[in-house]
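A.B. asks: Fold the following and give me the result.
(one chain, ligands or ions: 1)
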Amino acid sequence: MTSPILVALDYPDAAPALALADRLAPELCRLKVGKELFTRGGPQLVQSLQDKGFEIFLDLKFHDIPNTVAGAVRAAADLGVWMVNVHASGGRRMMEAAAEAVANAANKPLLIGVTVLTSMSDEDLAELGYTWTAAERVQQLAALTQDCGLDGVVCSALEAPALRASRGEDFCLVTPGIRLAGDAAGDQRRVVTPADALARGATYLVIGRSITGAANPLAALQRVHEEIA
Ligand SMILES: O=c1ccn([C@@H]2O[C@H](COP(=O)(O)O)[C@@H](O)[C@H]2O)c(=O)[nH]1
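C.D. replies: Below you'll find the model as predicted:
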């Protein structure tokens with residue numbers, strides 16, 4: 001079974017991340033390593049998680065000049081990760097450089113463009129001086145991301161129906177901002193439940209605190225599976 005669930009290991013260091021991995025199973029989920037955990041645990045932690053059989057989404061959201069981002073995604077591919085991402089707002093030349101960098105990798109990871117962070121609302125965008133809504137901006141950036149040859153985007157599942165219609169069935173929609181019913185949204189603003197996200201056309205569900213913050217994370221993960229079955 002290939003699970004659509006990516007568990008976000010947002011822990012302050014390697015020990016709790018490895019302990020949780022020992023309670024979960026690669027058949028039930030993939031694992032996401034983000035900025036905090038990678039800064040503490042580094043490539044060695046990624047390797048340890050991969051040695052346990054998990055595929056890894058290295059969520060470092062690279063955003064820099066094209067040459068620098070190309071080198072960063074090449075380094076991520078050398079780690080053998082399953083998925084890596086860049087900020088789509090880095091623009092065409094940056095994304096094309098990233099796509100070219102991973103194209104010839106021995107283990108080519110899925111390369112994903114981050115559109116509008118799921119923690120951002122329309123009001124947050126307006127405060128930055130943008131005139132588009134989050135939904136409009138996601139559409140613009142997803143079109144550019146696909147044109148640059150990337151495999152998909154990070155977006156909210158709220159935008160998934162429109163993206164499925166415009167970008168087709170094969171474009172990966174990686175959706176954080178997932179909450180089990182009743183869980184606090186916290187800093188997230190564009191939030192959807194697991195079942196609703198899949199019904200809307202999401203490919204992968206990124207779930208952090210609804211699983212890692214549960215008294216029994218394995219039970220919470222199994223609850224998600226029951227909900228989406
Ligand atoms: O737009 C984005 C991009 C990435 N994330 C990451 O996903 C998880 C979500 O964690 P929760 O605890 O389920 O809120 C986290 O690692 C973020 O860095 C995102 O939330 N939104």
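A.B. asks: Run through the residues that contact whichever residue of the chain sits closest to the ligand.
C.D. replies: Using C-beta to the nearest ligand atom, the closest approach of the chain to the ligand is made by residue 208 at 2.5 Å. Just so you know, the C-beta spots here come from the backbone N, C-alpha and C atoms, and that holds for glycine as well. The neighbours of residue 208, taking C-beta atoms under 8 Å, 6 or more residues apart in numbering as the test, are 7-8, 10, 32, 176.
A.B. asks: if you set the cut-off to 7 Å instead, what comes out?
C.D. replies: 8, 10 (C-beta atoms under 7 Å, 6 or more residues apart in numbering).
A.B. asks: quick one: average confidence on the top strand by length along the chain?
C.D. replies: Once the chain is assigned using DSSP state E, the strand that runs over the most residues is strand 56-62. Averaging pLDDT along strand 56-62 yields 98.
A.B. asks: strands paired with that strand, and their directions?
C.D. replies: strand 30-33 (parallel), strand 83-87 (parallel) (DSSP bridges).
A.B. asks: Show me what counts as buried in the first helix or strand past the first one going along the chain.
C.D. replies: Read it as strand 30-33. Per DSSP states H and E, the first helix or strand lying C-terminal to strand 30-33 is helix 35-51. Counting neighbours by 16 or more other C-beta atoms under 10 Å, one finds that the buried residues in helix 35-51 are 37-38, 41, 45-46, 49-50.
A.B. asks: quick one: helix 35-51 near the ligand?
C.D. replies: No - Helix 35-51 lies apart from the ligand when judged by C-beta under 6 Å from any ligand atom; the minimum separation is 7.3 Å.
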